[in-house]
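S.K.: One predicted model, sequence on top.
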Amino acid sequence: MKGMFRLALAASASLISMQAMAGGFVNSSQSSVFNGMAYAGAAAPGSTSAATMFMNPATMTGLPGLTIDSNYTFGLPSIKQSGTTNLGALGRATSANYGMNYFVPATYIVYQVTPKLWAGLSINSTYGNSTKPDRVWVGSFAASTTRLRVITATPSVAYKINEMFSIGAGLQVQFADVRQTVQLPPLGVAGAGISKADGWSVGFTVGATFTPWKGTQIGLGWRSLTDQEVSGNSYFGPIVNNSNGKLHLPNRVNLSLRQTVTEQLDILASVEWQNWARIGNSRLNNPPNPALAVLPFGYRDGWFFSLGAEYKATQALTLRTGIGYEISPVTDAVRRVSLPDSDRLWLSTGFSYKATERFTINGSYTYLHFAKANIRQPLAPGLVYTGQSRQNAHLLSIGLTSRWGGGPAKEEPLVRKF
């Protein structure tokens, strides 16, 4: 009876895992163009892709007329987890495959209103994670099936001060959707988790570009923190409660450079800081088990570094490559079965082909190699899961950029000199 009580508590504790998953994974798959350079130079001006506005709205001033950019990324992750508890495998398998293939669209629209003013709209999945094991195993007591989606619409404006400086700003409107199930002993049926939870939040984005001289372009972009309030139903066996909580999602600051080396070759670089440390400990109000109201995260800040190149092979064909290294905010001390995130290496390549004057086809591929991730997750007093996750992922992205018009004509002076 005592063992059954511990396992029931373990299943209820999975609510903590799901909330941690909701706060610890940024979706970086936002562009078929920048995916081909490991997102090097993403906040710098000079790109032909409107996706650059995601990191820095000021970059819109480099896109004349009307630009529409559609991006579709397919993720193929492989997540293999193995482990056990200090009480043994509890009658379950000791390993499982956890990865789920996913599809992420992103759309950008930029319109030049006047010679100095631009307006734009981006729609993105800014945070996301999905895991589902291929079997019932000992890790199912920590998390079975999880899903998080945060969709963000960002209307933005940009102003070109002069040939050297541009500025931009936007409003983030976020919608979050969360689901999770875990297994309760002894039959392995879904018995605890979050059946439905969603919420809205608002944030901001600002940016600036600086071109000190011809061939050197610098961009600085900031996406603000958001406090995502989520409410819905959580359950523990037959007990269903209306629960709510708040997730303190991070600021993101990206500094990027585009340097022209020759007429054909540009070198790009980026460094990004993600303020995950602000997530701290959140609280789940009115959970099925009041003892589990505090949701511990304990993340550190995340960092991302990348270097890439863009080569104009012909008038129609542009080739890209890039390498990146990402320092995950998730450490060994706080890693969970539902989010086995770790440091990773990005290896990317891509292309753009200008099919007509209006339409350009973009394609890219990225291989992600993750560091081995150790997991030690307390499930209940006296019951601890210990395991390991090994993972990698393939990102395939395709997109279409279309351009319409060349921008408004400059106003003629009222008085001319003859």
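M.R.: Noted; the coordinates are in hand.
S.K.: first to last residue in stretch 231-247, what's the distance?
M.R.: 11 Å (Cα to Cα, to the nearest Å).
S.K.: same deal with stretch 128-136?
M.R.: 23 Å.
S.K.: Give me the mean pLDDT for it.
M.R.: Taken as a whole, stretch 128-136 has a mean pLDDT of 79.
S.K.: Show which residues not belonging to it make contact with it.
M.R.: With contact meaning Cβ atoms under 8 Å, 6 or more residues apart in numbering, stretch 128-136 is reached by 21-22, 25, 27, 79, 81, 92-93, 96-100, 102, 104, 139-140, 143-150, 183, 188, 338-339. Heads up, the C-betas are built off the backbone N, CA and C, glycines and all.
S.K.: could you redo the last one with a cut-off of 6 Å?
M.R.: 21, 25, 27, 93, 96-98, 100, 102, 145-149, 183, 188, 338 (Cβ atoms under 6 Å, 6 or more residues apart in numbering).
S.K.: buried ones in it?
M.R.: Burial within stretch 128-136, assessed by neighbour count using 16 or more other Cβ atoms under 10 Å, is assigned to 128-133, 136.
S.K.: ok, so of the residues you listed, who is nearest Gly405?
M.R.: Proximity of the buried residues of stretch 128-136 to Gly405 (Cβ to Cβ) peaks at Gly128, which lies at 34.5 Å.
S.K.: Write down the beta-bridge partners of the closest one, one by one.
M.R.: Beta-bridge partners of Gly128, counted by DSSP bridges, are Arg149.
S.K.: Distance of the spatially closest residue to Arg223 that is not a sequence neighbour relative to Val206?
M.R.: Ranked by Cβ to Cβ, 6 or more residues apart in numbering and with sequence neighbours excluded, the top spatial neighbour of Arg223 is Arg252, at 4.4 Å. Separation of Arg252 from Val206 (Cβ to Cβ, to the nearest Å) stands at 12 Å.
S.K.: for stretch 392-404, which positions count as buried?
M.R.: Neighbour counts over stretch 392-404 (16+ other Cβ under 10 Å) mark 392-393, 395, 397-399, 401, 403 as buried.
S.K.: Test my guess that the residue nearest to Arg223 contacts Gly221.
M.R.: No. Checked against Cβ atoms under 6 Å, the pair Arg252 and Gly221 is beyond contact range at 8.1 Å.
S.K.: Give the residue from these two that has the larger number of neighbours.
M.R.: Neighbour comparison, Arg252 and Gly221: the larger count goes to Gly221, with 28 against 22 (by other Cβ atoms under 10 Å).
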